[in-house]
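Q: need coordinates for the following:
(chains A and B)
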Amino acid sequence: MNNLTQMTRLEVVVPARDAPAIRELITSAGATGYTSVSGVSGIGHHGQHSGALLFNEYDTLTMLITVLPPDNAGELIDAVGVLLSTSSGVMFVSETYVSRPEYFQ
Amino acid sequence: MNLILRAQVAAAAHDIVPHWPLESFIAVNPLASHETRPFETATTPGVVLTRSRDAYLADVERGRIVDADLEAALAERVPELAGHLTLGGKTASAVGVAVLDMKSTSWSSPAATAPSAPWLDEYLAAWVSSYLNPDPLWAMPHTQRGFYQAWRILARRDPSLPRTVRRTAAELPAEPDAALAWALVKLGVAAESVTETLRTELHYLPGWVGQIKWRAEKIGDIDLLSYLSVRLTVRAVLGLSLSPSSPTPPVADEAPPTLRHRAEHVARSIGGSRVDREEIAAVIRVLATHPVADHALTWQKAYELHYRAALVHSVRDTDPFTPRPHLQLVMCIDPRSEGIRRHLENLPEAETFGFAGFFGVPVRFSRYLARGAVNSLPALLTPRHHLTEHPTDSAKAKDHVMRGRSRDALRQSTHQADSGTGTPFAFAEVTGWLYGAISVLRTLTPTLQARIQRFLTPSTATLPSNVTITDSFTLEERAAMAETAVRMMGVTQFAPLVVLAGHGSESVNNLYQSALDCGACGGNPGGANARASAAIFNDPDVRALLVPRGIVIPSDSFFIAAEHNTVTDAVTLLDRHLIPESHVDAAGTFDRAQRTAAGLLLRERARDLPGASPRSPGRVQGRAHDWAEVYPELGLAGNAAMIIGPRQMTRGVNLDRRVFLHSYQAELDLEGAALETIMTAPLVVAQWINHQYYFSALNPASLGAGTKTIHNAIGTIGVLAGHTGDLRRGLPWQSVGLGDRLFHEPMRLTVIIQAPLDSIGRIVSRNQVLRNLLDNDWITLTARNDPAAAWHRYTPYGWTAASPPLKGT
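A: The predicted model follows:
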């Protein structure tokens, strides 16, 4: 597809206090980078979340997005699943395509 | 790298509350991980949630808890208790029957206990302490390789381990992941039990474990994976069996009486011997709704309701401040500010406000040419802006810096001589007479010694300087911070002189100094933030940007920073060189007013401070320099409530320095944005502080730091009780008690807000942190729409009228 390379994209939404553990797993999995969006809002299993708070980053939600080769993604998906089994948060896994695969390997 | 195992470690550590180091002591709820569940289910082995039955009965004796409080508590906790019963021809309400049962039925709560210290814990504590100690006499080698690898290399020569074990250590995997995986296999832990096993191991040494979790996130020199690798590996090589699923909880030594026994006792004490079986059965049905296991929390609720009722009753509705005040004072919401504000308001033309002590300016601050910096902002925020200061007289400042560096070099060399292997004896011979004389002076006349020291060691902090606020924030950011502060406090007019007073504590030889400083400034004094905020408000460009936003600061209004010393109660104006000639008189008026207020407050505080007398306020102030004083001040002891609303609600009311006061005007915040900020930040910080005091008071051995008198510091990381063992958490006993008596009344935070109920409800609905705290009864919320409206109590099912139960005093 237009010289694009297939990759696996993980989006994880967790309380900000749990984000360091997810970041640590992402880097340990060999991902070359991630995007972190703090103060995300929405409605989920635990009710409504208002989004960014002016003086409180601790009690908001953070979304972490990473992209990595499909062969490397399996273990990270399992590991995040283990972490989410004991805490709140959601993980979305999808196929994605990138134009410069060397950035993600 | 074993990713699944790392995830299992992270999952096992999820409920561990990070433990901040002493240098930036942050009050936290030690049971914060339980806040997603009802308060009463937050039981942890060795930890109690309430006081003893005897303590509550003593409160009944002295009128601290009355029947109306118990009835109100039962109405809240057991709403199905309603109607009346006839017992032996007499009529009694169901609630009255339950109250009688509470008073007559004995129960024994498990006592708070100190954690045990088996050999493995002692062993691990010694290794972690050696690894992390920033200023050891002998530095631990190989620390650059990480905790596990350093231990693995050194364990081969550790004489406390058997020879066979030392040999095994040499063959252990080099990486912590692999070592932990090997140990789990060796210990026979099934794959599905790994997380639970690791969680159980993390229950031990909770102080060090909490500190490691904090360091892993903030510093990165150690993590729980390497800690668990060492712990489990030692278990495996020594053949130590795994711990039980959790440390054994102490068992109550007395079985509660049966339901029938309770019912018969209550029925007969009301109806005498004429009660029949049906009537006893009716009492059984009533008492079944309130089992003995629930009594302790109902007693606690009654204890809190008594205070809440009195507090709500004391709220006034004085007229707003209509003439332009001559002086405005903005202080931190810290309960200690309430005292100085109350006394300063004796000046009729003075108006005061409460605001978070970092004044909405979150910075990482360093003094002029200082080596380090402090995060002067709430722990809820990440520092992104660096602030420093530039002296107005750079030549003099450089001279001070050079002299300061010479002093540091001298101190360093004396420290080396003092702590070297062979030098201490010679050092003592040569300098002992000097240090001896200084020690005598310091002991007998601490204030004089402090004056001499100040004279001999001038600091750059005393030199006139300006904070670099324009380098730290853009103009738009500064204008936004000013607007936020004005809207959050609800300021509608500005006095000619507006004093922004941060606060800090002053004491010596006090490892818990940071716990007495400003919580909103990350356990640091708030002077720097006050200076930054004053500079922002005085900036003509900022004022110009505020005008189109509806905030007009008159050109004759001048903002000046100050710092409240919570030991001496002096409120000292900072940056005096900035005061324009036109405001010198106003500053002088403030100086005189604050001196009078400080004198009154010192006498008031002396009544509560152990060993102090209202007749000698000078001695109370002298505690700032007394190195033998374990009670320099009482900090936030007694904190019990937070009021969010205009000062008219409380002006003239003596709140005994127990209430966090945040100014707020709902009429000026139609969308509720300011209220949401207050409820999700200052309120949360107040709750952390409140629960820190609550649990340190009830569990001094496990969640408190115990007595200061046996503390030994591990650098600036924390303290040990004695020379080894776990890092102590929480507040020392001297923050909450004296002798074997508590002077802090452990009560969960009562929050009182004057704002539209639907606005409050919407804010709670969309913030999980507030839902957790309120729906699970970690704090309570009472509110009214406006001064004319009735009080309502928040419940998970909506607002309910609060008036009837609150009339119980």
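
Q: from now on I want contacts and neighbour counts done on CA atoms only, so please keep to that.
A: Fine.

Q: domains of chain B?
A: B:3-23+B:116-238, B:53-112+B:258-313, B:327-367+B:376-382+B:464-700+B:736-803, B:393-461 (automatic domain parsing).

Q: chain center to the last one, what's the gap?
A: Which is domain B:393-461. Relative to the centre of its chain, domain B:393-461 is centred 33 Å away, using C-alpha atoms, centre = their mean, to the nearest Å.

Q: end-to-end on it?
A: Length of domain B:393-461, first residue to last, C-alpha to C-alpha, to the nearest Å: 13 Å.

Q: ok, stretch B:23-39 next?
A: End-to-end for stretch B:23-39, by C-alpha to C-alpha: 30 Å.

Q: quick one: average pLDDT of stretch A:22-31?
A: Taken as a whole, stretch A:22-31 has an average pLDDT of 94.

Q: so for it, what gets flagged as buried?
A: A:Ile22, A:Arg23, A:Leu25, A:Ile26, A:Ala29, A:Gly30, A:Ala31 (16 or more other C-alpha atoms under 10 Å in any protein chain shown).

Q: what is the rounded mean pLDDT of the host helix or strand of B:Leu781?
A: Using DSSP states H and E, B:Leu781 maps to strand B:780-784. Mean pLDDT, strand B:780-784: 97.

Q: tell me the helices and strands packed up against that strand.
A: Using 3 or more C-alpha pairs under 8 Å, 6 or more residues apart in numbering or on different chains; DSSP states H and E, the elements in contact with strand B:780-784 are strand B:750-754, strand B:792-795.

Q: quick one, it and strand B:750-754 angle?
A: 20 degrees (axes from the mean of the first three to the mean of the last three C-alpha atoms, to 10 degrees).

Q: who does strand B:780-784 pair up with?
A: Using DSSP bridges, the strands paired with strand B:780-784 are strand B:750-754 (parallel), strand B:792-795 (antiparallel).

Q: low-confidence ranges, chain A, go.
A: For chain A, the stretches with pLDDT under 70 are A:1.

Q: run through who's touching the longest helix seen in it.
A: When chain A is parsed with DSSP state H, its longest helix is helix A:70-84. By C-alpha atoms under 8 Å, 6 or more residues apart in numbering or on different chains, the surrounding residues in contact with helix A:70-84 are A:6-8, A:10, A:22, A:25-26, A:29-30, A:90-91, B:3-8, B:10-11.

Q: circling back: redo the helices and strands packed on strand B:780-784 as a markdown table? Include mean neighbour count and mean pLDDT.
A: Listed next are the helices and strands packed on strand B:780-784 as a markdown table, based on neighbours: other C-alpha atoms under 10 Å in any protein chain shown; pLDDT from 0 to 100:
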| stretch | mean neighbour count | mean pLDDT |
| --- | --- | --- |
| strand B:750-754 | 23 | 98 |
| strand B:792-795 | 18 | 96 |
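
Q: looking at the ones you listed, which is closest to B:Ala373?
A: When the helices and strands packed on strand B:780-784 are compared by C-alpha to C-alpha, strand B:750-754 sits nearest B:Ala373, at 34.1 Å.

Q: beyond that closest one, next helix or strand please.
A: helix B:757-765.

Q: may I see the buried residues of stretch B:525-532?
A: Neighbour-count burial for stretch B:525-532 [16+ other C-alpha under 10 Å]: B:Pro525, B:Gly526, B:Gly527, B:Ala528, B:Asn529, B:Ala530, B:Arg531, B:Ala532.

Q: ok, that stretch near chain A or not?
A: No - judged by C-alpha under 8 Å from any C-alpha of the partner chain, stretch B:525-532 stays clear of chain A, getting no closer than 14.7 Å.

Q: what's around A:Tyr103, how many residues?
A: If you count neighbours by other C-alpha atoms under 10 Å in any protein chain shown, A:Tyr103 ends up with 12.

Q: check the secondary structure at it for me.
A: Going by DSSP: H, G, I helix; E, B strand; the rest coil, the secondary structure assigned to A:Tyr103 is helix.

Q: report pLDDT for the residue in the stretch 351-500 of chain B positioned nearest to chain A.
A: Nearest residue of the stretch 351-500 of chain B to chain A (C-alpha to the nearest C-alpha) works out as B:Leu380 at 4.9 Å. For B:Leu380, the pLDDT comes out at 91.

Q: that one belongs to a strand?
A: No - counting by three-state DSSP, B:Leu380 is not found in a strand; it is coil.

Q: can you name the residues that contact it?
A: By C-alpha under 8 Å, 6+ apart, the contact set of B:Leu380 is A:Phe55, A:Asn56, A:Glu57, A:Tyr58, A:Asp59, B:Ala681.

Q: which one (most neighbours) among these?
A: Busiest of the contacts of B:Leu380 [other C-alpha under 10 Å] is B:Ala681, holding 25 neighbours.

Q: what residues does the stretch 151-300 of chain B put near chain A?
A: Within the stretch 151-300 of chain B, the positions lying close to chain A (C-alpha under 8 Å from any C-alpha) are B:Glu217.

Q: what about the residue of the stretch 151-300 of chain B found nearest chain A, how many residues nearby?
A: Here the residue of the stretch 151-300 of chain B nearest chain A is B:Glu217; by C-alpha to the nearest C-alpha that distance is 6.8 Å. B:Glu217 has 16 neighbours, counted by other C-alpha under 10 Å.

Q: the helix or strand containing it packs against which elements?
A: In the assignment (DSSP H and E), B:Glu217 maps to helix B:206-218. Counting contacts by 3+ C-alpha pairs under 8 Å, 6+ apart, helix B:206-218 is packed against helix B:224-238.
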